[in-house]
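Peer 1: sequence first, then the predicted structure, then my questions.
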Amino acid sequence: MFPEQIVGDGFVLRALVPSDAAAMFDYLHRPEVFEATSSGGWTREAVDEFVRSNAEGMIGSRWCRYAIVPGGAAALAGDIGFGSIDIRNRRAEIGYHLAPESWGRGLMTRAVGALNAWAFAEGFHRIEATVMEGNFRSERVLQRSGFVREATLRDYKLVRGAFRDFSLWSLLATGGR
Ligand SMILES: CC(C)(COP(=O)(O)OP(=O)(O)OC[C@H]1O[C@@H](n2cnc3c(N)ncnc32)[C@H](O)[C@@H]1OP(=O)(O)O)[C@@H](O)C(=O)NCCC(=O)NCCS
């Protein structure tokens, strides 16, 4: 189901390959990246395994993760994909990270738009996102992308030893209801 590549405006989303792991680890292990998420922190081994298992997830339509490669760049600037894919209900949860050097340029907003456009054309109906309290950058990406904030999920995840609230966001293929 998932394509190897989605071409966006000034960037390409391409399925992660093992050689992406080093550049991914470079940004994923930085506090300003993982502390905004529920991650317990990344090791190089965990990134290797994440990238390796991506091929299996994509073949089984269970999840997908793409490298975000700006035009002309050799290495990825970030990653984006769907997890918690529910084929029966045509629903998926979007997740993403960007290397801090690439923040503030609208790259993630465009990547979210490209992935969602592909998904809605493919027949997905609802894209969800959950965002940890205080992650205003991610909330702004979702707002710019048309997502609606639906709820506060109280003490939703145990994050590095403390229960944290998350907000639930969604975007429907139909736009509104
Ligand atoms: C969340 C994250 C991807 C957002 O990155 P970002 O750079 O703020 O998002 P974008 O790439 O969409 O860029 C938007 C910014 O570029 C600016 N911008 C410049 N040109 C733009 C354009 N053409 N279109 C949209 N925004 C543009 C916007 O004004 C905005 O800056 P502002 O927030 O200061 O107003 C990044 O902070 C990150 O990786 N965080 C850590 C991991 C994380 O939180 N993941 C999500 C977990 S839910």
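Peer 2: Received the coordinates, thanks. Numbers count the residues shown, from 1 in each chain.

Peer 1: going by C-alpha atoms from here, please, whenever you check contacts or count neighbours.
Peer 2: OK.

Peer 1: pull the contacting residues for residue 25.
Peer 2: 42-44, 47 (C-alpha atoms under 8 Å, 6 or more residues apart in numbering).

Peer 1: that one - that's part of a helix, no?
Peer 2: Yes - the assignment for residue 25 (DSSP: H, G, I helix; E, B strand; the rest coil) places it in a helix.

Peer 1: and the helix or strand that contains residue 21, what's buried?
Peer 2: Residue 21 belongs to helix 21-28 when assigned by DSSP states H and E. By neighbour count on 16 or more other C-alpha atoms under 10 Å, the buried set for helix 21-28 is 21, 24-25, 27-28.

Peer 1: okay, angle between the helix or strand of the chain with the lowest mean pLDDT and helix 21-28 too, please.
Peer 2: When the helices and strands of the chain are compared on mean pLDDT, DSSP states H and E, helix 44-59 comes out lowest with a mean of 93. Angle of helix 44-59 versus helix 21-28, following axes from the mean of the first three to the mean of the last three C-alpha atoms, to 10 degrees, is 110 degrees.

Peer 1: and the ligand, which of the buried residues of helix 21-28 contact it?
Peer 2: With C-alpha under 6 Å from any ligand atom as the criterion, the buried residues of helix 21-28 include none near the ligand.

Peer 1: could you dump those residues to a markdown table with pLDDT?
Peer 2: Below are these laid out as a markdown table (pLDDT from 0 to 100):
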| residue | pLDDT |
| --- | --- |
| 21 | 96 |
| 24 | 98 |
| 25 | 98 |
| 27 | 98 |
| 28 | 97 |
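
Peer 1: with distance to residue 62 added, can I get those in CSV?
Peer 2: Formatted as CSV, these follow (distance: C-alpha to C-alpha, whole Å):
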residue, distance to residue 62
21, 20
24, 21
25, 23
27, 25
28, 22
